[in-house]
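In: my questions are about this predicted structure, shown below with the sequence.
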Amino acid sequence: MSRTPKTPPVPPEHKRWTGAELAARPGEWTRTLTSAEIDEFSQLADATADLIAEPIPVRPALLALANDVSHSLLNGFGFVVLRGINPADYDPAALAAAYYRFGRLIGGPRSQNAAGHLLGHVRDIGADLTDPTIRIYQTNQRQTFHTDSTDVVGLLCLKTAASGGESLLASATTIYASCVAHDPNWRPPCSAP
């Protein structure tokens, strides 16, 4: 006997959003770091340490920021834009170290490609997308909406692109609620047996 799975419940309204709603409420998803948070971030910028094995030094302002970000990810719009870090103030390896350590305050790292990289660069390196080992983020091709195979994704803009480079977001909960409103019997393909 096969069971047909039930349609998952529609998420509550506070978990749904549209681009127009976000544009009207930037203060709810954008945060400028304080000088104390930037100072503590800079203290994590030691590129000579073992990033995997070394415990993260406790930094109270950054820990509070990481907790705020985690709360916003789980209970807010599902994303946060942090401003205030100037990449030009850091050596690239030191900036990567600080960013990686801050990310570990939010969650555990996961490799993002077959090479096992924990940090990577989204930039056009002139790669040919017909090569099966090349990822689209290594080309000048536009990425379509997609999901990454992790709970949290962090992006750090090192240099503003001359053109393109914008990140676009969509609310999966809003899309799901719209589909169910259109057809109450609709089930997402991922819920099929």
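Out: Ah, there it is.
In: against residue 65, how distant is the residue sitting nearest the centre point of the chain?
Out: When CA atoms, centre = their mean is applied to the chain, the residue found nearest the centroid is residue 153 (2.6 Å). From residue 153 across to residue 65, the span is 17 Å (CB to CB, to the nearest Å). C-betas here are computed from N, CA, C, even on glycine.
In: so residue 69 touches residue 106, yeah?
Out: Yes. Using CB atoms under 8 Å, residue 69 is in contact with residue 106, at 5.8 Å.
In: neighbour count: these two, which is higher?
Out: Neighbour count, other CB atoms under 10 Å: between residue 69 and residue 106, residue 69 has more, with 22 against 16.
In: coming back round to it: next one: the residue nearest to the centre of the chain from residue 64, what distance?
Out: Separation of residue 153 from residue 64 (CB to CB): 22 Å.
In: so where do the strands sit in this protein?
Out: Applying DSSP state E to the chain gives strands spanning 30-32, 81-83.
In: okay if I get those as TSV plus distance to residue 95?
Out: TSV is the format used below for those (distance: least, CB to CB, whole Å):
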stretch	distance to residue 95
strand 30-32	18
strand 81-83	14
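In: those into JSON lines, with extra columns for mean neighbour count, mean pLDDT and distance to residue 181?
Out: Putting the strands of the chain into JSON lines (neighbours: other CB atoms under 10 Å; pLDDT from 0 to 100; distance: least, CB to CB, whole Å) gives the following:
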{"stretch": "strand 30-32", "mean neighbour count": "13", "mean pLDDT": "95", "distance to residue 181": "29"}
{"stretch": "strand 81-83", "mean neighbour count": "13", "mean pLDDT": "94", "distance to residue 181": "29"}
